[in-house]
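Participant: Need coordinates for the following:
(2 chains)
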Amino acid sequence: MPKRSARTTSAGTVAISPEAVASRLAASRYLADESLATAIFLAIRLGKPLLLEGAPGVGKTEAAKAIAELLGRDLVRLQCYEGIDAAHALYEWNYQRQLLAIRHAGEHEVDIYDDRFLIARPLLQVLKAPEKRVLLVDEIDRSDHEFEALLLEFLSDFQISIPERGTIRAKSQPIVVLTSNRTRELAEALRRRCVYHWITYPDAEREAAIIMLRAGDVANATARAVATAVRDIRARPLAKPPGIAEAVEWANAATILEKGGSPWPEAFRRAIGVLIKDEEDLSYIAPELGRIVEEALA
Amino acid sequence: MTGDVNDPFSPFTGRRCPEGADEGRRQPRMSTLPRLPASSPRERGEESLPRAAAPLLGFGRLLRRYGFPVAPEQVSGFMQAVALLGPRSMADIHEAALATLAPPPDRRDEFEAHFQSHFYGNTAAVVEGEADEETRIKDDGGAGDEENEVARQEEGGALSSGAEQLSARDFQRDGDGLAAFRRKLASALPARRSFRTVRTHARGKLDLRRSLREIVSADGDIPSPLLRRRQTVPRKLLLLIDVSGSMKLYTSDYLKLAHAAVQGADRAEIFTFGTRLTRITTPLRIRDRDQALARVAALVDDWDGGTRMGPTLLAFLSVPRFSGFARGAAVVILSDALERGDHAELEMAMRRLSARAFRLSLATPLAGDPRFQPATAALHAILPMLDDLVDGSSISGLADFILSLARPASAAAAIWKRVS
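Facilitator: Residues are numbered from 1 along each chain as shown, chains lettered A, B, ... in the order given. Down below sits the predicted model:
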């Protein structure tokens, strides 16, 4: 099958084994655990979309960016929201230009459904150059069921029908990453078409490594302390548990404060605003924060 | 054991067969399989599969038997994945299973236990979820829809055990005007503007796409403009029903109302809370009310017990999927709000709920008494967060209240200050 060979030469050379994928991801500054690397490897090799689910802030979108970098392709992002429709996801005609063209043409014939009047939205963009782009459908749980059905159709056939132009088909199977915060249950049909991975918060060691990698200039001990403290804080019933990005920011902020003259536990306490961004959570955690930080530093 | 055990193409079943845990380790009985049409994947592939692939197929079947929704294409994906990975170790098979068979995260432990029992023969692995001191959350979602379908056709099992519960709690049918409530609900709920647009003849923006077609067909003339306008859609309705002992007299009425709400509204979510939190939307989708309520009776574990309103509501909010239901929704809590002891958690939960909800209402049966005052410490503390505090003692009054949610009213605190 020519389709398959096209894919294996491009994506298959990169994805030789889960370990190879993991090390390539690490090179693009994304530390994936073994099972995420396996899921990514399988998604690339099986030619199926990758569905990443997990709490907000565990690095789902970052994973997609890292995959795009790993394959050396552009990331085309489709952010979902309630009420998103075909005109935002597939394509739209540039009506103003069409009208102008009609005016301008006068007596001549003009094809107003020419390529130059077609505005390609993310799904169509990916379809046009599947070997150059990776599609990220972000926060699919926010869209409504109608859109999910539309996406399902796209993901199974990788084609789009434009009534005025006919059907546009992908030359090879594009690589698609879907993310969901699981604010609602996705359709079973969508789940089973995908390679699935539930991303959890990383363990303290891995998180410390991520902080070291992502933060500007943070000491190893600081990164470890932040990772331990953040783990402790996440275990509490907060309205918005801190994500990985917040942990990185916290390590950065505390380091800056420390260089500005605050001693260690104090620097963490003063920088708490970048970690916890909810008034109630702040007042909930404040009495215990000192102890958490001290335990983490110990 | 029925035929579906050997048939990967049978519908998913929600039944649990205790003797089935070690079934997968036996060789699948291929020779007894019925002949299938040549187009079926099994005819094309399975006979020629190596013997080593049999346990993989068997695992898919095992999961299906325990109510995991596993599609045939997922099983073939699983086998492809295992082949791609080597497999160099059991860990590879495990990762492949996780990625392709996609167990729902809340059933992950159960999945692990099945994996252990199937591939390691470790039948001692317990399938029950671990006990913890946190508020237990029960959600009959996910595979639930399919389960219901099957259970309804079943003659023994699930349905009859539900009926036994039914005798303990008496839900009788009566004419209570709920049919009218159900009919009116969808159009009576508060609306929001959707991102979608609909064609309209007045008060809208220019519909360029259709107008252009008109212009082209009219040869460049511009006929009367065609318009579009943003559509309005009804908001979600979230009912949180207190099933504790102090609400005993009212819960059956409330559940009937909840059933009518699920049937009538586009998007309604119903939870019960007492000492635990239980999502009962899925069983309430069954059209027949007696059957739906019987399933609810079997699903909820904390009937007529104590109340831990604060902790259970916090538990509700801590599950992103659930708290997502509350966002922009009309939230109605049916409870007497008699929180024993400290009400700080209740206060926090109500503040968070009111921050998410479009409108937060508390219907308490105590307000049926004309001398009622929101004087208890808990009620006093949460009153400023409430949009409405209304009488929940009669089903018709409550139905009327829910139908009036779209109409503006002054905040509960202002109303009750006037009364006192």
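Participant: For whichever residue of chain A sits closest to chain B, grab the count of nearby residues.
Facilitator: At 2.2 Å from chain B, A:G83 is the closest residue in chain A, using CB to the nearest CB. Every C-beta, even on glycine, is put in place using the N, C-alpha and C of the backbone. Other residues near A:G83 number 20, with proximity taken as other CB atoms under 10 Å in any protein chain shown.
Participant: is it fair to say it lies in a strand?
Facilitator: No: according to DSSP: H, G, I helix; E, B strand; the rest coil, the state of A:G83 is coil, so it is not within a strand.
Participant: count of neighbours near the closest residue to it other than its chain neighbours?
Facilitator: Closest residue to A:G83 apart from its sequence neighbours, by CB to CB, 6 or more residues apart in numbering or on different chains: B:F195 at 2.2 Å. Residues lying near B:F195 (other CB under 10 Å) number 16.
Participant: which residues does B:L101 contact?
Facilitator: Contacts for B:L101 (CB atoms under 8 Å, 6 or more residues apart in numbering or on different chains) come out as B:60, B:63, B:68, B:70, B:74-75, B:78, B:111.
Participant: and chain A, which of these contact it?
Facilitator: Filtering these for proximity to chain A by CB under 8 Å from any CB of the partner chain leaves B:70, B:74.
Participant: Quick one: the helices in the stretch 101-250 of chain A, in order.
Facilitator: In the stretch 101-250 of chain A, the helices defined using DSSP state H, counting those that start in this stretch lie at A:122-128, A:145-157, A:188-193, A:204-214, A:220-234, A:244-259.
Participant: Reformat the ones you listed as CSV; add distance to chain B and mean neighbour count.
Facilitator: Shown next, in CSV, are the helices of the stretch 101-250 of chain A (distance: least, CB to the nearest CB, whole Å; neighbours: other CB atoms under 10 Å in any protein chain shown):
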stretch, distance to chain B, mean neighbour count
helix A:122-128, 16, 21
helix A:145-157, 8, 16
helix A:188-193, 4, 19
helix A:204-214, 17, 19
helix A:220-234, 12, 21
helix A:244-259, 16, 21
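Participant: Using JSON lines, please lay out those together with distance to B:E347.
Facilitator: What follows is the helices of the stretch 101-250 of chain A, written out as JSON lines (distance: least, CB to CB, whole Å):
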{"stretch": "helix A:122-128", "distance to B:E347": "44"}
{"stretch": "helix A:145-157", "distance to B:E347": "36"}
{"stretch": "helix A:188-193", "distance to B:E347": "38"}
{"stretch": "helix A:204-214", "distance to B:E347": "33"}
{"stretch": "helix A:220-234", "distance to B:E347": "22"}
{"stretch": "helix A:244-259", "distance to B:E347": "26"}
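Participant: Outline the domain layout of chain A.
Facilitator: As assigned by automatic domain parsing, chain A contains the domains A:2-84+A:121-199, A:204-297.
Participant: Make a markdown table from the ones you listed and add distance to B:L208 to it.
Facilitator: Shown next, in a markdown table, are those (distance: least, CB to CB, whole Å):
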| stretch | distance to B:L208 |
| --- | --- |
| domain A:2-84+A:121-199 | 14 |
| domain A:204-297 | 40 |
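Participant: circling back to that earlier point, just say helix, strand or coil for the residue nearest to A:G83.
Facilitator: Judged by three-state DSSP, the three-state class of B:F195 is strand.
Participant: Least confident secondary structure element in chain A?
Facilitator: When each helix and strand of chain A is scored by mean pLDDT, DSSP states H and E, helix A:2-7 comes last, with a mean of 40.
Participant: helix or strand right after that one?
Facilitator: Per DSSP states H and E, the first helix or strand lying C-terminal to helix A:2-7 is helix A:18-27.
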